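Undergrad: give the three-dimensional model of this entry:
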Amino acid sequence: MKYFFPDSQDLVDPSFDFRSEERDRARLRQRDDVYAHEVFGTRAFDGLLVSKGIVDGFSETSSRYSLAQRHRLLRAGAPEFFRIRDAKFTPILLMGDCGAFTYLNEPQPPYSVDQVLSFYVDCNFDYGLSIDHVILSFQPQWDTPGGKSDIPAHLVRRRELTIELAAEFLKKQRRARLGFKPLGVAQGWSPRSYAASVAALQKMGYDYVAVGGMVPLKTPEILKVLEAVSTVRKPTTRLHLLGVTRTEQMPLFASFGVASFDSTSPLRQAFKDDKNNYYTLTDAYTAIRVPQTDGNASLQKRIRAGQVKQEHARRLEKACLRAMEEFALRRASLQSTLRLLREYEELYDPRHDHTEAYRRVLEERPWTHCSCDICSSLGHHVILFRGAERNRRRGLHNVWVFYRRLQHHLQPTDVKAVGTRNGAQRERQSTSWNRACGGRK
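TA: Purely as a prediction, here's the structure:
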């Protein structure tokens, strides 16, 4: 089972000073900042997923790349752009897709097959996904007799268009003998429609299929889709799950032919989730919020309204940072640290009280038990919810831990629990994958 980490240019600045919160003035982001595979000395993922929609930007989704970066990616190729050869762990596989969520509301994809093929070739990817048009309506009842009449015409067209584009994509990829491995994308609105899409892609000649539109689905719904797909999937066909993260279910997913997946959830939870911001192998903790006075919108609103004095807020902010540093050095008590954190929280977010969550994380000090490069070098700063440099590093820590969770759940003892037949099937899939991915092309 391979984990592809989606790229969003989430680099970190090694020159950033966490005490002064200043960085090297001569710093150039692309030259000096580092990727996750340059941060960690041990593997944190198996590959990178790079989306054309993220690189180019489309509609309301702005590009994460500057114009110069886009030109350099296409000119030099992804292995050089991402400095893959200098990574601390190798190999790192490269997969390209179109980024269907960036054009979700468009009547049809904004790219032609030729444009996408050129993007994959210029970037020198190992794998490339066909163009798809994502479907986010999951209605299993439409599989029942009479339910077909309820399917909206625009969803039918999206699925048909995805299949048509996959046929054109594979035909042109084969004709030009392009070096990347093609994946056909399956979209659907129900288990049966997904199975029909996979059957159609296999008939074209695809033996590697990416299943899309499953991000909002719950685990039982994903399993129903995979069960339906298993009735048509050939033994040699591998599956990739787009945007799905369920480490505890991966042995079961593998038994249905899932060989790879991608997800940004571990990274995003570091700064998007209300409570599960810091991963451990068996748990998750709430990061301690010490927002910048000048950068917190709600606090600035209260200051402008005269409800909070700016000088008082800044004093509390600095006091919280000092208290956290002293606590980490075991020179400040738990209660005094919690009191300061609560006093500041009452200024910037009076509707919430994180005292008990903070008590738990401060009592257990999880960052002191983690051996990843980020926790080892950053110390307590990794648990502070404050600014991009800390938050992004905590997200990369989560990716590192997530990869180890995945390996734990995929241990042979876990796979055997699924059943002898499924365990043997997974072994065949693993052997097939290793033969196919023995090295970069």
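Undergrad: next up, the contacts around residue 214.
TA: Shown in contact with residue 214 (CB atoms under 8 Å, 6 or more residues apart in numbering): 221-222, 225, 241-244. Heads up, the C-betas are built off the backbone N, CA and C, glycines and all.
Undergrad: and those residues, which are buried?
TA: Buried members of the contacts of residue 214, counted by 16 or more other CB atoms under 10 Å: 222, 225, 241-244.
Undergrad: which of the residues you listed fall within strands?
TA: 241-242 (DSSP state E).
Undergrad: of all the buried ones among the contacts of residue 214, which comes closest to residue 141?
TA: residue 225 (14.4 Å; CB to CB).
Undergrad: the residue nearest the centre of the chain: what's it in contact with?
TA: Centroid-nearest residue in the chain: residue 264, 1.3 Å away (criterion: CA atoms, centre = their mean). Residues in contact with residue 264 (CB under 8 Å, 6+ apart) are 5-6, 8, 243.
Undergrad: out of those residues, grab the one that's most surrounded.
TA: Most neighbours among these, by other CB atoms under 10 Å: residue 5, with 25 neighbours.
Undergrad: hey, where'd the strands end up in the chain?
TA: Counting by DSSP E, the strands of the chain are 2-6, 47-51, 93-97, 127-129, 181-186, 208-211, 238-242, 258-262, 278-279, 284-285, 288-289, 384-385.
Undergrad: these: which one's closest to residue 40?
TA: Short answer: strand 2-6, nearest of the strands of the chain by CB to CB, at 11.2 Å.
Undergrad: got a pLDDT number for residue 247?
TA: Reported pLDDT at residue 247 in the predicted model: 86.
Undergrad: returning to that earlier point: and the buried ones among the contacts of residue 214, which two are furthest apart?
TA: 225 and 243 (13.7 Å).
Undergrad: for residue 356, grab the count of nearby residues.
TA: Using other CB under 10 Å, residue 356 has 9 neighbouring residues.
Undergrad: for residue 271, that is, sorry about that
TA: With other CB under 10 Å as criterion, residue 271 counts 17.
Undergrad: same deal with residue 94?
TA: Counted with other CB under 10 Å, residues neighbouring residue 94 total 26.
Undergrad: do the same with the one 5 residues further on
TA: A total of 24 residues lie near residue 99 under the criterion other CB under 10 Å.
Undergrad: so it makes contact with residue 52?
TA: Yes - Residue 99 is within contact range of residue 52, at 5.7 Å (criterion: CB atoms under 8 Å).
Undergrad: thinking again about what came up before, where's the residue nearest to the centre of the chain relative to residue 142, distance?
TA: Going from residue 264 to residue 142 by CB to CB, to the nearest Å gives 30 Å.
Undergrad: same check on residue 65?
TA: 39 Å.
Undergrad: try residue 121
TA: 38 Å.
Undergrad: tally of neighbours for the residue lying closest to residue 232 once chain neighbours are set aside?
TA: Excluding its sequence neighbours, the residue lying closest to residue 232 (CB to CB, 6 or more residues apart in numbering) is residue 199, at 4.3 Å. Other residues near residue 199 come to 15 when the count uses other CB under 10 Å.
Undergrad: kindly state the pLDDT recorded for residue 199?
TA: Reported pLDDT for residue 199: 98.
Undergrad: my guess is it contacts residue 234, does it?
TA: No - the criterion here is CB under 8 Å, and residue 199 misses it with residue 234 at 9.5 Å.
Undergrad: next one: phi and psi at residue 287?
TA: Backbone torsions for residue 287, taken as degrees, to the nearest 10, come to phi -70, psi 150.
Undergrad: what's next to stretch 173-182, contact-wise?
TA: 96, 117, 120-121, 124-130, 169-170, 205-206, 208, 436, 441.
Undergrad: er, stretch 69-87 I mean
TA: Residues from elsewhere that reach stretch 69-87 (CB under 8 Å, 6+ apart): 7, 9, 30, 35, 37-38, 48, 50, 55-56, 63, 65, 90, 92, 94, 96, 119, 122-125, 440.
Undergrad: kindly recompute the last result at 7 Å.
TA: By CB atoms under 7 Å, 6 or more residues apart in numbering, the list of residues contacting stretch 69-87 from outside reads 30, 35, 37-38, 48, 50, 55, 65, 92, 94, 122-125.
Undergrad: do you know the pLDDT at residue 83?
TA: 95.
Undergrad: count of neighbours near it?
TA: Residue 83 has 12 nearby residues by other CB under 10 Å.
Undergrad: and for the one 10 residues further on?
TA: Look at residue 93: counted by other CB under 10 Å, it has 20 neighbours.
Undergrad: hmm, it is touching residue 124, no?
TA: No - counting by CB atoms under 7 Å, residue 93 does not reach residue 124; the two are 11.7 Å apart.
Undergrad: domain parsing of the chain, as residue ranges.
TA: 2-263+413-436, 271-403 (automatic domain parsing).
Undergrad: related to what we said a few turns ago, can you redo the strands of the chain as JSON lines with mean pLDDT?
TA: Shown next, in JSON lines, are these (pLDDT from 0 to 100):
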{"stretch": "strand 2-6", "mean pLDDT": "97"}
{"stretch": "strand 47-51", "mean pLDDT": "97"}
{"stretch": "strand 93-97", "mean pLDDT": "98"}
{"stretch": "strand 127-129", "mean pLDDT": "98"}
{"stretch": "strand 181-186", "mean pLDDT": "98"}
{"stretch": "strand 208-211", "mean pLDDT": "98"}
{"stretch": "strand 238-242", "mean pLDDT": "98"}
{"stretch": "strand 258-262", "mean pLDDT": "97"}
{"stretch": "strand 278-279", "mean pLDDT": "98"}
{"stretch": "strand 284-285", "mean pLDDT": "98"}
{"stretch": "strand 288-289", "mean pLDDT": "98"}
{"stretch": "strand 384-385", "mean pLDDT": "98"}
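Undergrad: export those strands to CSV and append columns for distance to residue 405.
TA: Formatted as CSV, those follow (distance: least, CB to CB, whole Å):
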stretch, distance to residue 405
strand 2-6, 10
strand 47-51, 18
strand 93-97, 20
strand 127-129, 24
strand 181-186, 25
strand 208-211, 22
strand 238-242, 16
strand 258-262, 13
strand 278-279, 8
strand 284-285, 11
strand 288-289, 23
strand 384-385, 22
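Undergrad: return the distance of the residue nearest to residue 180 when sequence neighbours are not counted relative to residue 52.
TA: Nearest non-adjacent residue to residue 180, counting by CB to CB, 6+ apart: residue 128, 4.5 Å away. Separation of residue 128 from residue 52 (CB to CB) stands at 10 Å.
Undergrad: then stretch 249-262 to CSV, C-alphas only?
TA: Output of stretch 249-262 as CSV, limited to C-alpha atoms (Å, rounded to 0.1, in the frame of the first residue of the first chain):
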residue,chain,number,x,y,z
GLN,A,249,-9.3,0.1,7.2
MET,A,250,-6.3,-0.2,4.9
PRO,A,251,-5.9,-4.0,5.3
LEU,A,252,-9.5,-4.4,4.2
PHE,A,253,-9.1,-1.8,1.4
ALA,A,254,-6.0,-3.8,0.3
SER,A,255,-8.1,-7.0,0.1
PHE,A,256,-10.3,-5.3,-2.5
GLY,A,257,-7.2,-4.4,-4.7
VAL,A,258,-6.4,-0.9,-3.3
ALA,A,259,-2.7,-0.5,-3.9
SER,A,260,-2.3,3.2,-3.2
PHE,A,261,-4.1,6.4,-2.0
ASP,A,262,-3.4,10.1,-1.4
